[in-house]
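Undergrad: Let me see the structure of the following:
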Amino acid sequence: QSDAESRRECDVEAVRAQASATAGHAPPALARRATSRKHAEHDNRPKHGVTPTTNCRVHFKTFCLCGWCCGQSDSNAAATSRDSSDSDRALATQPQPAPSCALLAVSRAPMPKAPSRGSEAAVAASELKENAPGAVRPTTPHNLTSSSDNSEAEAAKTERHRDNVAKEILSTERTYVEQLHVCIEGFLRPLRQKPDVLAFDKVDRLFSNIEAIYQVNLILLGDLEERMKTWSPTQTLGDIFLKMVPFLRMYSIYTANYEASGTLYEELLERGGAFADFAACVSASNLKCKGALLNSFLILPVQRIPRYKLLLEDMLNHTVPSHSDHKLLEEALVTIKAVANEINEAIKDQEKRKNLLAIQRRIGQQLPFNLVEPHRSFVREGELWKVCRKTKKRRYFFLFTDLLLYGEETSTGFKHHLHIGMQTLHVSDLPDSDGLKNSFAIESSRKSFVVIADAPEGKSGWLTDISKRIEEFIINKNSFHTNRTGTATPTFQAPVWQTDGEVVKCNICSDEFSLINRRHHCRLCGLVVCHTCSSQQIYIAALQEKLRVCAHCYSQQQGAQAATPSSRLRRCQSATTATHCIITRTREIRKAGDGCV
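TA: Below is the predicted model of the structure:
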């Protein structure tokens, strides 16, 4: 009986530990350790071959109450069940003690019901639906409080960012003014006291108006420091910049001179001498320079205005529209952008002048005019094949906003051939043929010719750029000459010459060309004629000179009646009767051996 009571106590504790573990009151590992310890104590006593078992409502298996046999095989479960039945019959014949209250409580406690797979899927689907983007959640006091807290947190974050930007404006301005002070005290003023190191005019070219800029930013720094002493969320900064913006326009003067200053600085360093030694000594010995060279100080004013623009934009983006500083920052930002645009334009103009100077040095002294002009800027350059009277030749072209220039590269440098102004320039596309591909015509009052590009992209690029420059010139200036009556007459256009290889005889008299009967081009129609048919000259007012023309064009200019040509290449073949008589008489004289015509 004591043996049976001991087993029952062990079983009661095992059931209690297992129930607590299943309900979540104790970890299963602790329950298993406690049960194992009780069974170990029980195993030291004589066994009756009986192991208490029960059915697991979670795993739906028969397992030992010790918790170690959960999930055992069906054969073991059946054997255990038979042993349990035999043990129950054996114990039934013996008097049983009353069950303890703890055992009754454990045995009557409801086992937790395992969730079914269907219910788990339903719960998961419900959670996904509630957490889906755009899902409408019921408005509850908790939600209202949460959204209010979020808006307050966002407003506080924006205010902190605005404060940080204001502090950054002050700190960067203080650093900038200190660096300007080092540049002036360390380099500028000592150089003014040493004219043997650098002449006074070169000192002014090198530093420009940096002292005036320093004075302006010194005032700006004082205003910023005074405002930041009493800084609060209601304070403003836009009014300070609005007051200083008119004075910031002097940055345009400095920026326009910056390129020349940089060029002078590089030349002085390359030349060496006293200035190079002075600049290196100041950079190395002056502790405030921290080893920085002079050019690193000279570029600071160029970079400052774009920095103002970025800082004010950042501060405006983190200032609520209802704030008193919002409108002030908007106005200050507009003016700062205007100053920045002026500086950018000055930089672009300086780059244009730099390119023009480089091209002029490259061409040399071959140009009959000054290439560097305020209204002129470089557009593009490249090589094209020019169709000449006998063959195609490689020529190098430069396109500017107001003229087209071309020449050839020689061993001694660039040789200038011709420059054409936009007031008389005209370009036209030519269809591809067997002999000419990627070609277009360039016509002007001085000369007209056909050029060939190496690729279709090059042809389209040149046509587009030249046409655009012509349109811009027409908008700015009228490309027509106006006479006294007020009617507009187009300017003279030189013809595209017919190449020598296209014809073997004169287009008017049909005489074959030879070493004696040579080819000549009419300056009005461009056709190839012989000497006899082009012995006349007329005065062309647009060019202000007399030029050789064919007999047909001469007759037209003199008012003789001429037939309208059906084709440009054949228009001179239908000459008037008077012209034909002149030609016939000329042939007779030449055949008779008379040397004069």
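Undergrad: Could you pull out the buried residues of stretch 160-174?
TA: Neighbour counts using 16 or more other CB atoms under 10 Å place 162-163, 165-166, 169-170, 173 of stretch 160-174 among the buried residues. All C-beta atoms are positioned from the backbone trio N, CA, C, and that covers glycine.
Undergrad: and the lengthiest helix in the chain, what does it pack onto?
TA: For the chain, the helix that runs over the most residues, judged by DSSP state H, is helix 141-183. Secondary-structure packing of helix 141-183 (3 or more CB pairs under 8 Å, 6 or more residues apart in numbering; DSSP states H and E): helix 210-229, helix 294-298, helix 300-317.
Undergrad: these two touch, right, residue 354 and residue 259?
TA: Yes. Using CB atoms under 8 Å, residue 354 makes contact with residue 259 at a distance of 6.2 Å.
Undergrad: Kindly reformat the helices and strands packed on helix 141-183 as CSV containing distance to residue 338.
TA: Below are the helices and strands packed on helix 141-183 laid out as CSV (distance: least, CB to CB, whole Å):
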stretch, distance to residue 338
helix 210-229, 17
helix 294-298, 24
helix 300-317, 10
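Undergrad: Including mean neighbour count and distance to residue 502, could the ones you listed go into CSV?
TA: Listed next are those as CSV, based on neighbours: other CB atoms under 10 Å; distance: least, CB to CB, whole Å:
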stretch, mean neighbour count, distance to residue 502
helix 210-229, 15, 66
helix 294-298, 18, 60
helix 300-317, 17, 58
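Undergrad: could you dump those helices to JSON lines with mean pLDDT and distance to residue 195?
TA: Formatted as JSON lines, the helices and strands packed on helix 141-183 follow (pLDDT from 0 to 100; distance: least, CB to CB, whole Å):
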{"stretch": "helix 210-229", "mean pLDDT": "94", "distance to residue 195": "18"}
{"stretch": "helix 294-298", "mean pLDDT": "93", "distance to residue 195": "18"}
{"stretch": "helix 300-317", "mean pLDDT": "92", "distance to residue 195": "25"}
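Undergrad: of the ones you listed, which approaches residue 349 most closely?
TA: Between residue 349 and the helices and strands packed on helix 141-183, the tightest spacing by CB to CB is seen for helix 300-317, at 14.2 Å.
Undergrad: So what touches that closest one?
TA: Contacts with helix 300-317, where a contact means CB atoms under 8 Å, 6 or more residues apart in numbering, come from 162, 165-166, 168-169, 172, 176, 179-180, 183, 210, 213, 217, 237-238, 241, 248, 251, 254-255, 258, 326, 329-330, 332-333, 336-337, 339-340, 343, 347.
Undergrad: how about the CA coordinates for it, as CSV?
TA: Taking C-alpha atoms only, helix 300-317 is exported to CSV below (Å, rounded to 0.1, in the frame of the first residue of the first chain):
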residue,chain,number,x,y,z
LEU,A,300,35.9,81.1,-51.7
PRO,A,301,33.8,84.1,-52.8
VAL,A,302,32.8,82.2,-56.0
GLN,A,303,31.5,79.3,-53.9
ARG,A,304,29.7,81.4,-51.3
ILE,A,305,26.6,82.6,-53.1
PRO,A,306,25.6,79.0,-54.3
ARG,A,307,26.0,78.0,-50.6
TYR,A,308,23.6,80.7,-49.5
LYS,A,309,21.1,79.5,-52.0
LEU,A,310,21.2,75.9,-50.8
LEU,A,311,21.0,76.9,-47.1
LEU,A,312,18.0,79.2,-47.6
GLU,A,313,16.2,76.6,-49.7
ASP,A,314,16.7,74.1,-46.9
MET,A,315,15.4,76.5,-44.3
LEU,A,316,12.4,77.5,-46.4
ASN,A,317,11.5,73.8,-46.8
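Undergrad: Taking their axis directions, that helix and helix 210-229 sit at what angle?
TA: 30 degrees (axes from the mean of the first three to the mean of the last three CA atoms, to 10 degrees).
Undergrad: just the angle between helix 300-317 and helix 141-183, please?
TA: Using the same axes, to 10 degrees: helix 300-317 against helix 141-183 is 170 degrees.
Undergrad: After helix 300-317, which helix or strand is next?
TA: Following helix 300-317 in sequence order, the next helix or strand is helix 324-363 (DSSP states H and E).
Undergrad: Quick check: mean pLDDT of that next one?
TA: Taken as a whole, helix 324-363 has an average pLDDT of 85.
Undergrad: Give the buried residues for that helix.
TA: Neighbour-count burial for helix 324-363, counted by 16+ other CB under 10 Å, picks out 325, 328-329, 332-333, 335-336, 339-340, 342-343, 346-347, 350, 352-353, 355-356, 359, 363.
Undergrad: circling back to that earlier point, please convert the buried residues of stretch 160-174 to JSON lines, extending it with distance to residue 375.
TA: Below are those laid out as JSON lines (distance: CB to CB, whole Å):
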{"residue": "162", "distance to residue 375": "46"}
{"residue": "163", "distance to residue 375": "49"}
{"residue": "165", "distance to residue 375": "42"}
{"residue": "166", "distance to residue 375": "44"}
{"residue": "169", "distance to residue 375": "39"}
{"residue": "170", "distance to residue 375": "43"}
{"residue": "173", "distance to residue 375": "38"}
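Undergrad: Can I get these in a markdown table including pLDDT and distance to residue 504?
TA: Output for the buried residues of stretch 160-174, formatted as a markdown table (pLDDT from 0 to 100; distance: CB to CB, whole Å):
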| residue | pLDDT | distance to residue 504 |
| --- | --- | --- |
| 162 | 92 | 86 |
| 163 | 93 | 89 |
| 165 | 94 | 82 |
| 166 | 93 | 86 |
| 169 | 95 | 82 |
| 170 | 95 | 86 |
| 173 | 95 | 81 |
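Undergrad: from the residues you listed, which single one is nearest residue 188?
TA: Looking across the buried residues of stretch 160-174 and measuring by CB to CB, the closest to residue 188 is residue 173, at 20.6 Å.
Undergrad: show me the contacts for the closest residue to that closest one other than its chain neighbours.
TA: Leaving aside its sequence neighbours, residue 173 sits nearest to residue 221 (CB to CB, 6 or more residues apart in numbering; 5.1 Å). If a contact means CB under 8 Å, 6+ apart, then residue 221 has 173-174, 177 as its contacts.
Undergrad: okay if I get the residues you listed as a markdown table plus distance to residue 537?
TA: A markdown table is the format used below for the contacts of residue 221 (distance: CB to CB, whole Å):
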| residue | distance to residue 537 |
| --- | --- |
| 173 | 74 |
| 174 | 78 |
| 177 | 74 |
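Undergrad: between these, which is nearest residue 462?
TA: For the contacts of residue 221, the residue nearest residue 462 by CB to CB is residue 173; the value is 49.4 Å.
Undergrad: I'd guessed that closest one sits against residue 223; true?
TA: No. Here residue 173 does not reach residue 223: they are 9.8 Å apart, not a contact under CB under 8 Å.
Undergrad: Quick check: the gap between the residue nearest to residue 173 and residue 240.
TA: Per CB to CB, to the nearest Å, residue 221 is found 10 Å from residue 240.
Undergrad: With residue 437 instead?
TA: Counting by CB to CB - residue 437 and residue 240 are separated by 65 Å.
Undergrad: and what of residue 349?
TA: Distance from residue 349 to residue 240, by CB to CB: 31 Å.
Undergrad: how many other residues sit next to residue 442?
TA: 22 (other CB atoms under 10 Å).
Undergrad: Equivalent analysis for residue 291, please.
TA: 9.
Undergrad: go on, residue 156?
TA: For residue 156, the count of nearby residues is 10 (other CB under 10 Å).
Undergrad: what separates it from residue 164, distance-wise?
TA: 13 Å.
Undergrad: Was I right to think residue 536 contacts residue 546?
TA: No. Counting by CB under 8 Å, residue 536 does not reach residue 546; the two are 9.8 Å apart.
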